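Enquirer: let's see this in three dimensions:
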Amino acid sequence: MALFSKNLSKLIVGISWSITGKFLGRFLSVLGDVVVARILGPSVFGLYSIGWTLLRMCSLVVHLGLPNGVQRFIPLYINNDSIHAHRIIKQSIIISTLSGILFSLTLYILSPFIANEIYHKPDLVIIFRLFGLSLPFISILSTTVAITRATHMMNYSVLIEDIGQPFFGLVFLGIVYFTVGALVNWVIFSDLLSFVIASILGFWAAKKLFSGFLTISMQSLSALRELMVFSIPTALAGTFAVFVFWVDRLLVGYFLSESENGLYQAASQLSVLFVIVLSAFNSILAPMFSSFYAMKDIQQINEIFRVGTKWGLYLCLPVFLVFCFAPTELLSFIYGPAYSGAWMALVVLSVGQIINVGTGSIGSLLSMTGNHRLWLFLSILGMILNIIMCVFLIPSFGITGAAMGTTISLNVMYFSGLLWARNKMGVWPYDDRYLKGFVSFGCTMLVLFGFERIYSGNGFIFLSLLSLLSLITFFGVLIMLGLEDEDKHIINVLFSYRNKPN
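Expert: I've put the predicted structure just below:
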């Protein structure tokens with residue numbers, strides 16, 4: 001019990017850091033997008049967005065999965081073979097740097113073909129090439145902050161990657177705007193500078209925590225072989241898993257009009273809120289899974305997995321109900337009344353995302369316990385299934401059909417992984433301790449249903465009251481039913497950590 005309480009404390013402090021950082025970082029990123037859109041204008045911003053999307057796609061694989069590799073192997077070796085662990089750190093940084101340079105050169109060479117033959121927009125050549133300069137620094141940043149997360153410490157990763165990089169981007173964007181004006185090339189250069197500074201800070205943090213890796217010899221190839229055999233499949237798995245969320249947007253753009261594509265884009269971006277919460281849990285749980293797996297402690301894996309899944313649901317269920325009861329108000333408030341037609345797609349996508357949260361960090365669990373090839377297979381399966389479902393459903397049901405296809409694909413991918421973990425590893429996150437949460441969910445749903453029938457208004461006031469009522473009712477009922485000992489421990493750790501003097 002003492003060991004579990006200690007690990008639970010690590011978990012909640014790490015998640016506290018991660019959720020705070022990811023939401024703040026997301027806010028800064030969106031703010032940056034708004035500023036860029038305003039200073040460039042619609043047409044130039046459209047070209048910028050194409051380049052930024054291509055950069056994001058490359059960033060999924062440019063590091064060759066090494067962030068996952070270091071989170072897998074550093075906890076495995078650091079206590080019993082520190083030389084091997086430091087060799088892994090050094091090799092991962094060198095390989096990620098070389099990979100970033102190679103990707104950058106490849107994009108530089110292919111830019112004319114992509115711009116002229118695929119997009120038929122010659123102006124994109126220089127935009128693609130400028131964005132490509134960021135790839136080596138993105139690769140270094142992703143790998144170095146993952147090295148810091150391998151220690152179960154989230155502060156470096158949050159401050160440098162989640163908050164620092166978008167913050168530096170905004171600062172440099174302001175400097176560029178007030179010195180040279182609204183020129184797209186200089187706007188991209190401000191993005192590049194933000195990645196350069198963040199990657200330097202990432203390297204500094206890794207050096208601070210593991211200074212010994214600088215003096216380790218590179219002669220042994222066993223660490224490199226072990227690292228790459230694990231990392232590359234996990235990189236591909238992560239890429240295909242993300243494409244499950246993106247392929248529907250591409251197919252909506254192919255089958256439907258530009259206005260419908262805009263509606264679906266708004267619904268998709270709003271549903272990403274749930275992914276941010278899950279991503280925060282994944283960041284801290286991944287190295288913990290690896291540590292416990294190295295000790296063959298399946299019981300600790302199961303307990304941490306269960307607590308993480310339960311509290312992920314607790315944080316998301318009240319928000320999910322707001323999405324279900326006030327989708328038109330939510331879309332109108334954030335994007336404008338013209339986007340309210342995407343309300344059904346938003347509800348369906350939210351169902352898929354709450355299922356995603358409800359299956360917990362299953363992707364990280366499989367990857368960190370040596371089942372990365374299985375997760376690669378399930379990710380490919382999910383992407384292919386989503387393509388098939390969208391091709392059949394979009395022509396008949398429009399953007400709602402795309403949302404249905406994505407939700408079904410998520411169900412199959414995540415539940416398949418969860419059932420495999422139960423049958424092969426004996427890991428299952430659900431037990432009767434979830435009952436209080438579901439009772440709270442049911443009571444909150446009834447209260448919101450009654451409020452919707454009684455309150456005659458709409459718009460922002462309705463949305464605000466509904467959101468407040470959802471949060472108060474859910475957590476109020478949960479407290480009235482009596483918190484579990486582990487839940488009380490989580491709250492105590494949170495408050496004691498927040499009140500700790502700096």
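Enquirer: rest of the way, CA atoms for contacts and neighbours
Expert: OK.
Enquirer: show me this protein divided up by domain.
Expert: 23-220, 433-496 (automatic domain parsing).
Enquirer: next, count neighbours for residue 308.
Expert: Using other CA atoms under 10 Å, residue 308 has 26 neighbouring residues.
Enquirer: ah, wrong one, I meant residue 264
Expert: Residue 264: 27 neighbours (other CA under 10 Å).
Enquirer: do you know how far it is from residue 405?
Expert: Distance, residue 264 to residue 405, by CA to CA, to the nearest Å: 13 Å.
Enquirer: cool, and residue 334?
Expert: 25 Å.
Enquirer: quick one, which of the two is more surrounded?
Expert: Neighbours per residue, other CA under 10 Å: of residue 334 and residue 405, the larger number sits with residue 405, 27 against 12.
Enquirer: so where is the stretch 1-150 of the chain shaky, pLDDT-wise?
Expert: Applying pLDDT under 70 to the stretch 1-150 of the chain picks out residues 1-19, 30, 34, 37-38, 42-43, 45-46, 81.
Enquirer: go again using 80 as the cut-off
Expert: Residues of the stretch 1-150 of the chain that meet the criterion pLDDT under 80 lie in 1-23, 25-27, 29-50, 53, 57, 75-84, 118-120.
Enquirer: buried stuff in the strand or helix carrying residue 83?
Expert: Taking DSSP states H and E as the definition, residue 83 sits inside helix 82-113. Buried residues in helix 82-113, counted by 16 or more other CA atoms under 10 Å: 82-93, 95-101, 103-105, 107-108, 111-112.
Enquirer: before we move on, what about stretch 390-409?
Expert: Quick answer for stretch 390-409 (16+ other CA under 10 Å): 390-391, 393-394, 398-409.
Enquirer: pLDDT of it, averaged?
Expert: Stretch 390-409 comes out with an average pLDDT of 93.
Enquirer: ok, residues contacting that stretch?
Expert: 244-245, 248-249, 251-252, 255-256, 260-261, 264, 342, 344-346, 348-349, 351-353, 382-383, 385-387, 389 (CA atoms under 8 Å, 6 or more residues apart in numbering).
Enquirer: quick revisit: most tightly surrounded among the domains of the chain?
Expert: Comparing the domains of the chain by mean neighbour count (mean count of other CA atoms under 10 Å), domain 23-220 ranks first with a mean of 20.
Enquirer: reformat the domains of the chain as JSON lines; add distance to residue 357.
Expert: Below are the domains of the chain laid out as JSON lines (distance: least, CA to CA, whole Å):
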{"stretch": "domain 23-220", "distance to residue 357": "16"}
{"stretch": "domain 433-496", "distance to residue 357": "14"}
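Enquirer: of all those, which lies closest to residue 419?
Expert: Closest of the domains of the chain to residue 419 is domain 433-496, at 18.2 Å (criterion: CA to CA).
Enquirer: can you give me how far that closest one is from the chain middle?
Expert: For domain 433-496, the separation from the chain centroid amounts to 25 Å (computed by CA atoms, centre = their mean, to the nearest Å).
Enquirer: next: stretch 265-283.
Expert: Relative to its parent chain, stretch 265-283 has a centroid offset of 6 Å by CA atoms, centre = their mean.
Enquirer: the nearest residue to residue 74 once chain neighbours are set aside and residue 69, how far apart?
Expert: The shortest distance from residue 74 to any non-neighbouring residue, by CA to CA, 6 or more residues apart in numbering, is to residue 85 (5.4 Å). To residue 69, residue 85 is 11 Å away according to CA to CA.
Enquirer: so where's the stretch 201-350 of the chain uncertain?
Expert: Residues of the stretch 201-350 of the chain meeting the criterion pLDDT under 80: 211-227, 230, 234-247, 249-254, 256-266, 269, 279-288, 290-291, 294, 334-336.
Enquirer: helices of that one, residue ranges please.
Expert: For the stretch 201-350 of the chain, helices defined by DSSP state H, counting those that start in this stretch occupy the ranges 222-255, 258-294, 298-325, 327-335, 343-358.
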